[in-house]
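Visitor: just coords:
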């Protein structure tokens, strides 16, 4: 094993441990901030804890990515993904991160955007999120525009993504070294600027690896505009009839305001604090929640009672890992419970890896209530669609219990 590989494995291990700890910090801080009738200073402290945790998480991820890029171990993993869903979700999450700043957020996503493109979804998400986060960080007030345009031909889609702000802007000498110098702008004296500068350097490297290009225009004191373009193959120009039918069924079965009808969930995690955080994230959704502290206990519980609607499974547990526990569960007669991996593994290809193990999906730590809600909507909606379809067809299944198409995001 090379020194570069050893360093990357060490950093991956550190990243995993940091994510696990941040899961508790972020989860409990968010929960405290949502309590009613608490002093305003406590609410602000909780929000600051969440904000600082997100910055620490970003820093750890950037260090890991930068190390992989430097050692040529970063890989682009292309697969079909839904770009509209990705960009709309990023706009929603990043707009929320504006917080109390007097900023108006404007989002415009081209209606001609293909239903599915072939690309590296994780790194597309990272690039766009870095640009939006950068705009929010350096804009104290005014406007931020997030604009996605596309030009389609018979084979390819040319995406052009623009992030424009009315923030602090940059001097010409700062623009020249923006994507190459791994240090904070004005690091010598300007302590008002947060961050290490790694984010934009990594953004440029990822864009280069995807065969794209990025440019920046900025006026000091007035704002900046980042324009990112990349060409990706069109996998599906329009939504298929089957996908459209499934989506409409999911919309009909939306649970966001009414809860989930007291469905049963089993949380499996050797860390009691992680179970506490998961319980807090789930407590508003009208669920019956049980918990186990290791894989063997989980198998024993399910052997006696298969009447659960979902299992949230930690991966790194002593004794039986999450993967081995799932294998044991599948040996139980009649076992057909969807299992979502709950893990601090957030590396590229993680979703494909865990689905290949037999999990229906995965949730990366630290997670938010919004992320949990989206996963619950999908698994419970799909489960109910299957049950209703089976009832209409006298018990004969006409779709797979957990159709892969339902999980493509």
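Guide: Thanks, I have it. Predicted model only: the values in this text are computed from it and were never measured. Residues are numbered from 1 along each chain as shown.
Visitor: so after the worst-scoring helix or strand of the chain on mean pLDDT, what's the next helix or strand?
Guide: Using mean pLDDT, DSSP states H and E, helix 241-252 stands out as the lowest-scoring helix or strand of the chain, at a mean of 56. Sequence order places strand 263-268 as the next helix or strand after helix 241-252, per DSSP states H and E.
Visitor: now do the next helix or strand after that following strand and strand 263-268, the angle between them.
Guide: Going down the chain from strand 263-268, the next helix or strand is helix 272-282, by DSSP H and E. Orientation of helix 272-282 against strand 263-268 (axes from the mean of the first three to the mean of the last three C-alpha atoms, to 10 degrees) gives an angle of 160 degrees.
Visitor: any buried residues in helix 272-282, and which?
Guide: By 16 or more other C-beta atoms under 10 Å, the buried positions in helix 272-282 come out as 274-282. (Each C-beta comes from the backbone N, C-alpha and C, glycine too.)
Visitor: between those residues, which sits nearest residue 298?
Guide: residue 275 (12.3 Å; C-beta to C-beta).
Visitor: in contact with that closest one, which residues?
Guide: 267, 269, 291, 293 (C-beta atoms under 8 Å, 6 or more residues apart in numbering).
Visitor: neighbours of the second one, how many?
Guide: Here the number of neighbours of residue 269 (other C-beta atoms under 10 Å) works out to 25.
Visitor: how many neighbours does the spatially closest residue to it that is not a sequence neighbour have?
Guide: Counting by C-beta to C-beta, 6 or more residues apart in numbering, residue 269 lies nearest to residue 314, which is 4.0 Å off, once chain neighbours are set aside. Applying other C-beta under 10 Å, we find 27 residues neighbouring residue 314.
Visitor: hang on, isn't residue 314 packed against residue 273?
Guide: No - using C-beta atoms under 8 Å, residue 314 makes no contact with residue 273, being 11.8 Å away.
Visitor: where does residue 160 fall, secondary structure wise?
Guide: Here residue 160 is assigned to strand 156-165, by DSSP H and E.
Visitor: buried residues, that strand. List them.
Guide: For strand 156-165, by 16+ other C-beta under 10 Å, it's 157, 159, 161-165.
Visitor: same deal with stretch 62-79?
Guide: Residues 62-69, 74, 79 are the ones in stretch 62-79 that count as buried (16+ other C-beta under 10 Å).
Visitor: which two among those are spaced furthest apart?
Guide: 63 and 79, at 25.8 Å, using C-beta to C-beta across those.
Visitor: mutual contacts of residue 314 and residue 273, please.
Guide: Listed as contacting both residue 314 and residue 273 by C-beta under 8 Å, 6+ apart is no residue at all.
Visitor: what segments of the protein are helices?
Guide: 3-33, 40-70, 83-96, 121-137, 172-176, 198-209, 241-252, 272-282, 295-304, 322-330, 350-357, 369-392 (DSSP state H).
Visitor: lowest average pLDDT across these?
Guide: Note on the helices of the chain: helix 241-252 shows the lowest mean pLDDT, a mean of 56.
Visitor: buried sites along stretch 202-213?
Guide: Neighbour-count burial for stretch 202-213 flags 202-207, 210, 212 (criterion: 16+ other C-beta under 10 Å).
Visitor: domains of this structure?
Guide: Taking automatic domain parsing as the reference, the chain has its domains at 1-74, 75-238, 241-407.
Visitor: how close does residue 223 sit to residue 170?
Guide: Distance, residue 223 to residue 170, using C-beta to C-beta, to the nearest Å: 10 Å.
Visitor: tabulate the helices of the chain (TSV), appending distance to residue 217.
Guide: Listed next are the helices of the chain as TSV, based on distance: least, C-beta to C-beta, whole Å:
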stretch	distance to residue 217
helix 3-33	34
helix 40-70	24
helix 83-96	21
helix 121-137	13
helix 172-176	8
helix 198-209	14
helix 241-252	38
helix 272-282	41
helix 295-304	54
helix 322-330	47
helix 350-357	35
helix 369-392	33
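Visitor: right, and those - which one's nearest residue 113?
Guide: Closest to residue 113 of the helices of the chain, according to C-beta to C-beta: helix 83-96, at 5.2 Å.
Visitor: wait, residue 361 touches residue 343, no?
Guide: No - applying C-beta under 8 Å, one finds residue 361 not in contact with residue 343, separated by 11.1 Å.
Visitor: between those two, who's got more neighbours?
Guide: residue 343 (22 against 19).
Visitor: the residue nearest to that one when sequence neighbours are not counted: what's it in contact with?
Guide: Among residues not flanking residue 343 along the chain, residue 315 sits closest, at 4.3 Å (C-beta to C-beta, 6+ apart). Counting by C-beta under 8 Å, 6+ apart, residue 315 touches 321-323, 341-343, 345, 354.
Visitor: let's see that with 7 Å instead.
Guide: Residues near residue 315 by C-beta atoms under 7 Å, 6 or more residues apart in numbering: 321-323, 341, 343, 345.
Visitor: same list (those residues) but as a markdown table, adding distance to residue 148.
Guide: Converted to a markdown table, the contacts of residue 315 look like this (distance: C-beta to C-beta, whole Å):
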| residue | distance to residue 148 |
| --- | --- |
| 321 | 40 |
| 322 | 36 |
| 323 | 37 |
| 341 | 30 |
| 343 | 30 |
| 345 | 29 |
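Visitor: rewinding a little: pick the one among the buried residues of helix 272-282 closest to residue 94.
Guide: residue 281 (20.5 Å).
Visitor: how near is the closest one to residue 152?
Guide: Where residue 152 is concerned, residue 281 sits at a distance of 39 Å (C-beta to C-beta).
Visitor: likewise residue 261?
Guide: In this view, residue 261 and residue 152 are 42 Å apart by C-beta to C-beta.
Visitor: biggest strand in the chain by residues?
Guide: The longest strand of the chain (DSSP state E) is strand 223-236.
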